[in-house]
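Asker: predicted structure and sequence below. I'll ask about it afterward.
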Amino acid sequence: MHDDRTTVEARLDRVLRERIRPAVHGDSRPLTVERWDVPGEPVPVAEGLAAPYRPIAVGRSWGPAWGTTWFRVTGRVPREWAGRTVEAVLDLGFDRGTTGFQCEGLVHRADGTEVKGLHPHNDWVRIGDGVAGGEEVELYVEAAANPVLTAQLPTRQGDRLTAHDRPLYRLRRMDLAVFRAGVWELVRDLEVLDGLMRELPVDQARRWEILRAVERALDALDLADVPGTAGRARARLAGVLSSPAHASAHRVSAVGHAHIDSAWLWPLRETVRKVARTVANTVHLMDTHPGHVHAMSQAQQFAWIKEHRPGLWARVREKVAEGRFVPVGGMWVESDTNMVGGEAMARQFLYGKRFFLEEFGIDTREVWLPDSFGYTAALPQIARLAGAEWFLTQKISWNRTNAFPHHTFRWEGIDGTRVFAHFPPVDTYNCDLGGAQLAHAARTYRDKGGGSRSLAPFGFGDGGGGATREMLGRAERLRDLEGSPRVSVEPPAAFFEAARAEYGDAPVWVGELYLELHRGTYTSQAGTKRGNRRGESLLREAELWSATAAVRTGHPYPYDALERLWKTVLLHQFHDILPGSSIAWVHREARETYARVHRELEGIVSSAQRALAGEGGAEGEAVVFNGAPHARHGIPAGGALPLPGRTGEPVTTEERPDGGHVLANGLLRVEVDGRGLLVSVYDLAADREAVAPGAAANLLQIHPDFPALWDAWDLDSSYRHGVTDLTGVDELRPEPPAADEAAVTVRRSFGASSVVQRIALRSGSRTVDIDTEVDWHESERILKAAFPLDVKADFSAAEIQFGHVLRPTHTNTSWEAAKFEICAHRWLHVGEPGWGAAVVNDATYGHDVTRDVREDGGQTTTVRLSLLRAPRYPDPETDQGVHRMRYALAPGATIADAVREGHWINLPERSVAGGSPVAPLVTVDSDQVVVEAVKLAEDRGGDVVVRLYEAHGGRARAALTTGFPVASVTAVDLLERPLDAAPERGAYEVVDGGTVALRLRPFQILTLRLARSAAG
């Protein structure tokens, strides 16, 4: 037989494109269309329905960027269509290639009820099946003119304040049409077989069987009468569609889904509407397809529906009760996991899971993060403590260097906790259930022989949309089809339970799931990151001092305000907001929101501290509050004392013979040369120099930063090919001498930017503090601060949530080489046996660590902080303007010192007028155990909740002592539910009413609920 594959396949393509698909909707009649252009921001539905409309014709333009137009669509079903199925086809001017990234619509009835959303692959509304004819049609479409921003080019369209006001779209079609079910079914038959056929090997008989059947079907089809001959063509395909799958065929659990970015190339307010459109689509599809199952994550998005769309919310609740609309993930949003702080990560689960429990009675069992940019090694323990058993993502398939070796595995975190994990081999969270994607999943599944199944989230996502009837049509045909994986539409839990039962001894991956891509997100949009870090620190203090004041003085605990503020911070930890990869509008609003959050939290802290400090004391007397988890200047952690005097040696300043200045405090001797660089930081106690010979620390370096793709996201290794050291000095000036501090101010100019740095040494301090203010006006550059240290460090230790992670400094393998940019929270430590150094910061996440061996045989380990970037997409003005950041070098630091200094720089002391010392609510007698949170219980019963963890990476024994009478102590999970698991029972023992003996494994998190006794 001759090989005519390409001819038949090309014929099929053309016939589908030009004859069959256009015939799905037959006879048509134009609808009457009127418009109302909303002035400004979107309005409530009632206002849109009652607005003054004016006529608009198909073909006319509408919609400036970010504008909203309401369309009123009216007509009458022709009587000659009686008995037929009729749909309204409403094409707002769609581009079929960018669903979710352009104009969209939500259809309402005249009474305001939501019908369904409109997007390029879902542009129809069912008017009726078997219509009588003569029915009146009246629909209202709230249409959003969202600009297309996917070109990865700088654009001003990303903010309504800078976008142009020209119309973006033209109405393409607004008709009533007869829906031809037989033609629609033929399209599904052919596209499923076509997709499968093209994936099968040429030497496999099944491919040729399908080819010949398709050819016979095309022969049976009269192109001049597609509706009349569609049934005949389908009959020619029945045989190949009924042939069952092989017994060993891969099994795919298909889960309807619509990954909706809570902000990205659209602002938060538009996401509220995207969620409504997608949810309306989903419940509408469920009404017509009883087997459809949809999984939706992000409690915040459910909360938006509840707040803004009560009618739609009632339908969601109905579908959830049926088990078909499935809440998943258990987090407030699908957050970033690299930069989110430990307590904030705990609160993502607390507020997310609690919402699902309170609204639906559902305790979600999985972590669902398909699109975040890498996954912290702390997540397995956090997930388990929130009651989660499973973890899902597909993002690691984006790795640029190394292919991850598993799709189904057990993931082990820094403390040894394991969760069952799955990466869908379909390699997308926007699966269309087409033959190519399913064949790819079966072919590339890396755990064959151990596991035999995978999960496929299907539906339009990122910008929303969800599953379509076409996708469900494919799923129906793929349930049991020879040559294809078996496809079952079912909830995620059904997949995870079956996969774990089948492959319970899956291989183990230990440590972080580092994404070998999007490394620039550790640095982009520094203002957003600074707002997050400050917000997390203030929330810690607000809870600590409010709880202390409530227990000690009866001060009202601000439950409602704290929950609202937590949820605001958690929302902005979404994986395109905190990472800095959203449009200008999103980050402008984020900065404004953080400013409001910070002001309100400062007010809560101040109110509680004033209640604690009291009114007594001499005039001018003050008490100093220490919100850090370690004692400082004699002030206990979580307590306050009258302003203490400094106990260290006075700090001296002297001229340096070769230019510059020398600062000393008896612990450190710091030389700042004439260029304003640290050429010596001498650890006097260790009799050791920290700075590598011939090098200079706090060296600002600027690199070109123009990645191959994804400007705000990516930092390519090629940036290191060019560097400019910023050594020119505009001014070098010592500050007037003071007994407790000495400082030097350095001013520099470079490009269109400038920087002012204050290098300070405090009495009794073992850190060199650097306060940096940059007026940044560069483009496509990255600014780093380098600390070349004289230490042989084989690993760096970087703080993550509730502990730290070790990473090699060498690049022996491609896995290590790929980690040329890494994330750390408040500190990064490098060391050798007996001596080390740490760099701590108050707002920076991106770092890199490199090593080199000098001619003298010593090793230079260079730690660099990534301070600022200047990508131009999606925000062309990223980071332009003034930034202030603080960081410090701690020579001679151990891991314990790094932990302590990292907290101190983020939680400065506060001086408050008053005369009353404040004893801590709880104290721990070991710095190895860090108190992460002190708060009142979420159930508002007045109990104190304390969360703590082992911070050094070793076993810890410590005593927790309470500063109030305690009736009972209970270990609880992150939702503050009692825990009965053996590890938690063995982690603590109540010695007496006020002391708890702690025994923690490395990096173990323990949350204790302390019930106050009547005497308290």
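Answerer: Thanks, I have the structure now. What you are looking at is a predicted structure, and each value in this text was computed from that prediction instead of being measured.
Asker: where does this protein dip in pLDDT?
Answerer: Scanning the chain for pLDDT under 70 picks out the ranges 1, 616-618, 645-647, 981-985, 1015-1016.
Asker: packing partners for the lengthiest helix in it?
Answerer: If you go by DSSP state H, the chain has its longest helix at helix 584-613. Applying 3 or more CB pairs under 8 Å, 6 or more residues apart in numbering; DSSP states H and E, one finds that helix 584-613 makes contact with helix 526-553, helix 559-571, strand 622-626, strand 639-642, strand 910-913. Glycine gets a C-beta too; all of them are placed from N, C-alpha and C.
Asker: just so I know, which of those lies nearest A295?
Answerer: helix 559-571 (20.5 Å; CB to CB).
Asker: which of the residues in that closest one are buried?
Answerer: L562, L565, W566, K567, V569, L570, L571 (16 or more other CB atoms under 10 Å).
Asker: who touches G352 in this structure?
Answerer: Q298, A299, G329, G330, M331, W332, V333, T364 (CB atoms under 8 Å, 6 or more residues apart in numbering).
Asker: surely the third one touches Q298?
Answerer: Yes - contact status for G329 versus Q298: in contact at 6.7 Å, counting by CB atoms under 8 Å.
Asker: the nearest residue to F750 once chain neighbours are set aside: what's it in contact with?
Answerer: Nearest non-adjacent residue to F750, counting by CB to CB, 6 or more residues apart in numbering: L726, 5.2 Å away. By CB under 8 Å, 6+ apart, the contact list for L726 reads L699, L700, Q701, I702, R748, F750, V755.
Asker: would you confirm that V45 contacts T113?
Answerer: No - with contact defined as CB under 8 Å, V45 does not count as touching T113 (9.3 Å).
Asker: can you name the residues bridging to V934?
Answerer: V946 (DSSP bridges).
Asker: list the contacts for it?
Answerer: V934 touches E543, L544, A547, T548, G638, L921, V922, V944, V945, V946, counting by CB under 8 Å, 6+ apart.
Asker: just to revisit the earlier point, looking at V45 and T113, which one has more neighbours?
Answerer: V45 (21 against 13; other CB atoms under 10 Å).
Asker: so that one versus L481, what's the distance?
Answerer: Using CB to CB, to the nearest Å, V45 is found at 43 Å from L481.
Asker: cool, V849 as well?
Answerer: 52 Å.
Asker: and these two? which has more neighbours close in?
Answerer: V849 (25 against 22).
Asker: in contact with that one, which residues?
Answerer: A793, S796, R807, T809, I822, L828, V830, T861, T862, V863, R864.
Asker: switch to 10 Å and redo it
Answerer: 787, 789, 793, 795-796, 798, 807-809, 819-822, 824, 828, 830, 839, 861-864 (CB atoms under 10 Å, 6 or more residues apart in numbering).
Asker: equivalent analysis for R826, please.
Answerer: Counted by CB under 10 Å, 6+ apart, R826 has contacts 341, 533, 537, 798-799, 838, 840-845, 887, 898-899, 901-907.
Asker: is R884 in a bridge, and if so with what?
Answerer: Residues in beta-bridge contact with R884 (DSSP bridges): E773.
Asker: from V755, how far out is it?
Answerer: Taken as CB to CB, the span from R884 to V755 is 11 Å.
Asker: for the two, indicate the residue with more neighbours.
Answerer: Neighbour count, other CB under 10 Å: between R884 and V755, V755 has more, with 22 against 13.
Asker: list the buried residues of stretch 997-1016.
Answerer: So, applying 16+ other CB under 10 Å, buried residues of stretch 997-1016: 998, 1000-1012, 1016.
Asker: take the residues you listed and keep only those in strands.
Answerer: L998, L1000, I1005, L1006, T1007, L1008, R1009, L1010, A1011, R1012 (DSSP state E).
Asker: out of those residues, which comes closest to V131?
Answerer: For these, the nearest to V131 is T1007 (60.4 Å; CB to CB).
Asker: show me what contacts the closest residue to that closest one other than its chain neighbours?
Answerer: Distance criterion CB to CB, 6+ apart; nearest residue to T1007, sequence neighbours excluded, is R947 at 4.6 Å. By CB under 10 Å, 6+ apart, R947 lies in contact with 342-343, 346, 385, 802, 930-935, 972, 974, 976, 1005-1008.
Asker: who's in contact with F391?
Answerer: 366-369, 375, 379-380, 383, 409-411, 419-423, 496, 513.
Asker: for Q880, same thing?
Answerer: A752, S753, D775, W776, H777, E778, S779, L868, A870.
Asker: then G994?
Answerer: Contacts of G994 (CB under 10 Å, 6+ apart): V922, L960, T961, T962, G963, F964, P965, V966, V969, L1010, S1013.
Asker: could I get these as CSV with secondary structure and distance to P629?
Answerer: Putting these into CSV (DSSP: H, G, I helix; E, B strand; the rest coil; distance: CB to CB, whole Å) gives the following:
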residue, secondary structure, distance to P629
V922, strand, 10
L960, strand, 12
T961, strand, 14
T962, strand, 16
G963, coil, 15
F964, coil, 18
P965, coil, 23
V966, strand, 20
V969, strand, 19
L1010, strand, 17
S1013, coil, 25
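Asker: using ChimeraX, define a selection of the buried residues within those.
Answerer: Applying 16+ other CB under 10 Å to these leaves a buried subset, and the ChimeraX line that selects it is:
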select :922,960,961,962,963,964,966,969,1010
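Asker: what about the spatially closest residue to T970 that is not a sequence neighbour, distance to S968?
Answerer: In space, and not counting its chain neighbours, T970 is closest to R1009: 4.6 Å by CB to CB, 6+ apart. Distance, R1009 to S968, by CB to CB: 8 Å.
Asker: what do these two both touch?
Answerer: D943.
Asker: returning to what we had before: need the helices and strands packed on helix 584-613 in JSON lines (columns: distance to D219).
Answerer: Formatted as JSON lines, those follow (distance: least, CB to CB, whole Å):
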{"stretch": "helix 526-553", "distance to D219": "61"}
{"stretch": "helix 559-571", "distance to D219": "57"}
{"stretch": "strand 622-626", "distance to D219": "84"}
{"stretch": "strand 639-642", "distance to D219": "87"}
{"stretch": "strand 910-913", "distance to D219": "84"}
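Asker: what's the closest of those to G463?
Answerer: The nearest among these, by CB to CB, is helix 559-571 at 17.9 Å.
Asker: quick one: the closest one to helix 526-553, angle?
Answerer: 160 degrees (axes from the mean of the first three to the mean of the last three CA atoms, to 10 degrees).
Asker: if we can go back for a sec, how much space between the residue nearest to F750 and S749?
Answerer: From L726 to S749 the distance is 9 Å (CB to CB).
Asker: now do the shared contacts for the two.
Answerer: By CB under 10 Å, 6+ apart, the residues touching both L726 and S749 are V755.
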